[in-house]
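A.B. asks: here's a sequence, model it:
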Amino acid sequence: MMWLAPAFSLLANAAGRIYYRLTIAGERVPSDGPVLLVANHPNSLIDPILVCAAARRPVRFLAKAPLFGDLKTGWMMRAVGAIPVYRRVDDPTLMDRNTDMFRAVYVSLARGAAVGIFPEGESHSEPSMVALKTGAARIAFGTQAAHGVRVPIIPVGLVFRQKDIFRSDALAVVGSPVSWDDLAGRDLDDADAVRALTERIGAGLRQVTLNLERWEDRPLVETAVAIWEAEWGAGPDRAERIQRLDVTTRILADLRREPDARWDALVRDTRAHRRRLVRLGLSPKWLGARADLATGLRWTVRRYFLAMPLALALAVSGFLLFALPYWLTGRAVDRLRLDVDERSSWKLLLGGAIYGAWVVGLVVAAAVLAGARAGVLTLVAAPTIGMSGLMVRERWRGAWSDARRFLLLRSRRDLIGALRDQQRALAERLKALYQERSMPAGV
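C.D. replies: Okay, here's the model as predicted:
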């Protein structure tokens, strides 16, 4: 039944990196032994794929029971060894089956498996995590009681730039294990212990996720962090950046509850600075970039290959080769009228089927027209050309944007200098805000 499980982590990593520009950051999940992975749930069926990619090992997920009865998803749920969860909202008459579900999870963990769960209970598009269910805590206590195994609980945070857009940025952050040694002797029926562990799991998840009061805050929070990083030289670690975003978000929430004229002015000035940069197509880090001719020459040499005939051929042939399945996938998903947290899942599912059928068609056509050897060559060459062409086109877009910014920095030096001075002053005020609010200034 679980025929796909051993290879699923490799397939998940490939799928995640093809669909998104995926970064995996933070700690490493233990390569063996029992572990309970808890993650936020902003993106439907994409989320277990990215959690499995971050785990770098097979993971058995808890999934809502209706997915097992759906012809489109049921085969995959069984193939990867997912465990059905019966929710009251789906069918209250089946709730008693959850006893078997918990027993199966306890046994899997006792045998050294990795189990994944989304404690929010359902996928959503809210700007922050919703209240957690107690299932993860109950699994930890239940495994301890049934098998004497104290399971490490590791949070995995999923953060997306535009979760429904192909080749947008995605980040999976593996956090530090949740501390619960002091609770391990408590009983599964101890409601206070279950609630306490659930709260600790929530705290661990908030450290590796972006939780806003409202989506409109995201540009402001990200600009403040980008100013900090540009002026104070913060490291590039993506997990640390999530922590800086979390700190800034909490400070903004505090300012709303306790208004302060000085910091209200800082918020307004930060927003105004962002608007100026957006109009110029710049970000805070670009204000400190060098724009001398030597830098421009080095930049040109490093990207010279993008103008070579091979790069041009890959970009054009890759686009033409897969333009039709790309269009068909987009049209099919648009006709389904899905919520934003479902679109990428269906793009991946339908796209996998459409692109797979397209490649098979190309292979068959090549074999019929030119023989079996040509068919095998097409099977290898078509996906390679498609992905290589995609990478070249992305590099073209990045190179064009970089070139435009470089020319702007050289041609508008007075304006850039004034913006740089304003940004430095904003960074000083942000530093004072962090210190006054007793937040770690070096986060």
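A.B. asks: my read: Arg28 touches Val174, true?
C.D. replies: Yes - Arg28 lies in contact with Val174 (Cβ atoms under 8 Å); the separation is 6.7 Å. C-beta: built from backbone N, CA, C; applies to glycine.
A.B. asks: which one of the two is surrounded by more residues?
C.D. replies: Counting neighbours by other Cβ atoms under 10 Å for Arg28 and for Val174 shows that Val174 has the greater number, 23 against 11.
A.B. asks: what's opposite the more buried one in the beta bridge?
C.D. replies: Beta-bridge partners of Val174, counted by DSSP bridges, are Gly26, Val156.
A.B. asks: report all helices and strands that whichever helix or strand Val363 is part of contacts.
C.D. replies: Assigned by DSSP states H and E, Val363 belongs to helix 340-370. Helix 340-370 sits against helix 5-19, helix 46-55, helix 309-335, helix 372-411, with contacts defined as 3 or more Cβ pairs under 8 Å, 6 or more residues apart in numbering; DSSP states H and E.
A.B. asks: point out the most buried one among those helices.
C.D. replies: Ranked by mean neighbour count, these are led by helix 46-55 with a mean of 27 (mean count of other Cβ atoms under 10 Å).
A.B. asks: ok, then the element right after that one?
C.D. replies: Downstream of helix 46-55, the first helix or strand assigned by DSSP H and E is strand 60-64.
A.B. asks: name the strands paired with that following strand and say parallel or antiparallel.
C.D. replies: When DSSP bridges is applied, strand 60-64 pairs with strand 83-85 (parallel), strand 114-117 (parallel).
A.B. asks: could you dump the helices and strands packed on helix 340-370 to JSON lines with mean pLDDT?
C.D. replies: Shown next, in JSON lines, are these (pLDDT from 0 to 100):
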{"stretch": "helix 5-19", "mean pLDDT": "93"}
{"stretch": "helix 46-55", "mean pLDDT": "97"}
{"stretch": "helix 309-335", "mean pLDDT": "96"}
{"stretch": "helix 372-411", "mean pLDDT": "96"}
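A.B. asks: among the ones you listed, which comes closest to Pro155?
C.D. replies: With Cβ to Cβ as the measure, helix 46-55 is the member of the helices and strands packed on helix 340-370 nearest Pro155 (10.4 Å).
A.B. asks: so that closest one versus helix 5-19, what angle?
C.D. replies: For helix 46-55 against helix 5-19, the angle between stretch directions is 110 degrees (axes from the mean of the first three to the mean of the last three Cα atoms, to 10 degrees).
A.B. asks: which neighbouring elements make contact with helix 46-55?
C.D. replies: helix 5-19, strand 21-26, strand 35-39, strand 60-64, strand 114-117, strand 153-160, strand 169-174, helix 340-370.
A.B. asks: average pLDDT for the fourth one?
C.D. replies: Taken as a whole, strand 60-64 has a mean pLDDT of 94.
A.B. asks: how far away from the center of its chain is it?
C.D. replies: Relative to its parent chain, strand 60-64 has a centroid offset of 19 Å by Cα atoms, centre = their mean, to the nearest Å.
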